[in-house]
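Engineer: need coordinates for the below:
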Amino acid sequence: MRRAGRGSAAPGGHGGSTQARPVPPGLHFVATPIGAARDITLRALDTLAGADLLAAEDTRTLRHLMEIHGIPLAGRSILPYHDHNGPEMRPRILAALAEGRSVAYASEAGTPLVADPGYQLGRAAIEAGFTVLAAPGPSAALAALTVSGLASDRFLFAGFPPTGTAARRTWCLELAGLPATVILFESPKRVRETLADLALTFGETREAAVCRELTKRYEDISRGTLGSLRDRFDSDPKGEIVLVIDRARTPQATAEDLEAALRQALATMRVKDAAATVAEALGLPKREVYQAALRLGQGGEG
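Structural biologist: Model prediction:
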């Protein structure tokens, strides 16, 4: 997640000073803290200390993080790589990879390629046949999912919603029916509008969570229905925001619903066809529906 605060941590989180270890040739995507600087992994510190070349979405953020953890630049420069200079910088990084060097790319905050400009760099390196590795670590999307209290067995990260009202509502409608928990980032300046559009398109009773300033000093998690959250945020909140919305849930058909649907279908279909049609419509097991159709006494196999 971009523009996350640097947070704070005691220097020397990796023993006070990180000794450079050999880093194998290739492009190494390095996840960086979304808030608390101590959340960085030991492998990430090793990669930053030992890579031949460093690249970063924000060079100042990476330089500050390395200073906190006692990692010297040791004569290396940090190449800026972001949305605006990608076409210019990619050839330089690819040339370093072609020389058999190791390149570490760090996002401004969080996991590279998640709302981050590293995608084109990774694609170019893969297409050129270079090794691409990840030093996994902090992720605002996964941290929010973890604390939201919503189902985590199936989820979709949807990125940032469109800024225009009409486009945002259309975008929300495309996500509303998914049987997966939806995770999205939003600017604090547009949270109120987005919650209103989510309540309109997903329904006011859909469960959700607004996660603010994750891992930072003023971390706050607001949980409730989309309608209640829309009403709760009557002013613009401060800090980085992640929204997590519960999956669409198909209401469980009752025995009365099943019987009514079967009687209607059996009026024009054979038992087998009626059972298959009703099972798909109600999301029920075909065998269960077929047995119910037989019990209605409308015939055999058909």
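Engineer: backbone dihedrals for the residue nearest the centre of the chain, both of them.
Structural biologist: Most central in the chain under CA atoms, centre = their mean is residue 157, positioned 3.5 Å from the mean C-alpha point. Backbone torsions of residue 157, given as degrees, to the nearest 10, read phi -90, psi 120.
Engineer: which ones are touching it?
Structural biologist: Residues in contact with residue 157 (CB atoms under 8 Å, 6 or more residues apart in numbering) are 114, 141, 183-184. Any C-beta I mention is one placed from the backbone N, CA and C, and that applies to glycine too.
Engineer: go again using 10 Å as the cut-off
Structural biologist: Going by CB atoms under 10 Å, 6 or more residues apart in numbering, residue 157 touches 114-115, 139-142, 144-145, 181-185, 242.
Engineer: low-scoring pLDDT stretches of the stretch 201-302 of the chain, where are they?
Structural biologist: 250-252, 283, 297-302 (pLDDT under 70).
Engineer: quick one, helices of it?
Structural biologist: In chain order, the stretch 201-302 of the chain shows helices spanning 226-232, 255-266, 271-282, 286-295, with DSSP state H, counting those that start in this stretch as the criterion.
Engineer: show me what counts as buried in the last one.
Structural biologist: Spelled out, it's helix 286-295. For helix 286-295, burial by neighbour count (16 or more other CB atoms under 10 Å) applies to 289-290, 292-293.
Engineer: now the second one
Structural biologist: Neighbour-count burial for helix 255-266, with 16+ other CB under 10 Å as criterion, is recorded at 258-259, 261-262, 265-266.
Engineer: so that helix versus helix 286-295, what angle?
Structural biologist: Interaxial angle, helix 255-266 versus helix 286-295 (axes from the mean of the first three to the mean of the last three CA atoms, to 10 degrees): 70 degrees.
Engineer: which residues touch helix 255-266?
Structural biologist: Contacts for helix 255-266 (CB under 10 Å, 6+ apart): 251, 253-254, 269, 271, 273-279, 281-282, 284, 288-290, 292-293, 295-299, 302.
Engineer: report the buried members of the residues you listed.
Structural biologist: 253, 269, 271, 274-279, 282, 284, 289-290, 292-293, 298.
Engineer: distance of the residue nearest to the centre of the chain from residue 243?
Structural biologist: The spacing between residue 157 and residue 243, counted by CB to CB, to the nearest Å, is 11 Å.
Engineer: return every residue with contacts to both of the two.
Structural biologist: Common neighbours of residue 157 and residue 243 (CB under 10 Å, 6+ apart) are 144, 182-185.
Engineer: make CSV from those and add pLDDT to it.
Structural biologist: Output for the shared contacts of residue 157 and residue 243, formatted as CSV (pLDDT from 0 to 100):
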residue, pLDDT
144, 98
182, 98
183, 98
184, 97
185, 97
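Engineer: those residues in strands, which ones?
Structural biologist: Using DSSP state E, the members of these that fall within strands are 182-185.
Engineer: so for residue 20, which of the helices of the stretch 201-302 of the chain sits nearest?
Structural biologist: helix 226-232 (47.2 Å; CB to CB).
Engineer: list the buried residues for the closest one?
Structural biologist: 226-230.
Engineer: check stretch 199-219 too.
Structural biologist: 199-202, 206-216.
Engineer: for stretch 69-80, same thing?
Structural biologist: 69-71, 78-80.
Engineer: what's the span of it, first residue to last?
Structural biologist: Stretch 69-80 has an end-to-end distance of 21 Å (CA to CA, to the nearest Å).
Engineer: the strands in the stretch 101-250 of the chain, which residues?
Structural biologist: 102-106, 132-135, 155-157, 181-186, 207-212, 220-225, 241-245 (DSSP state E, counting those that start in this stretch).
Engineer: could you list every helix and strand in contact with the first one?
Structural biologist: The one in question is strand 102-106. strand 26-30, helix 42-50, strand 53-56, helix 59-68, strand 78-80, helix 86-98, helix 119-127, strand 132-135 (3 or more CB pairs under 10 Å, 6 or more residues apart in numbering; DSSP states H and E).
Engineer: those: which one's closest to residue 169?
Structural biologist: With CB to CB as the measure, helix 119-127 is the member of the helices and strands packed on strand 102-106 nearest residue 169 (26.7 Å).
Engineer: using CSV, list the CA coordinates for the closest one.
Structural biologist: What follows is helix 119-127, C-alpha atoms only, in CSV (Å, rounded to 0.1, in the frame of the first residue of the first chain):
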residue,chain,number,x,y,z
TYR,A,119,4.5,-5.1,-12.1
GLN,A,120,6.0,-3.9,-15.4
LEU,A,121,9.5,-4.4,-14.0
GLY,A,122,8.7,-8.0,-12.9
ARG,A,123,7.1,-8.8,-16.3
ALA,A,124,10.1,-7.4,-18.2
ALA,A,125,12.6,-9.4,-16.1
ILE,A,126,10.6,-12.6,-16.6
GLU,A,127,10.3,-12.1,-20.3
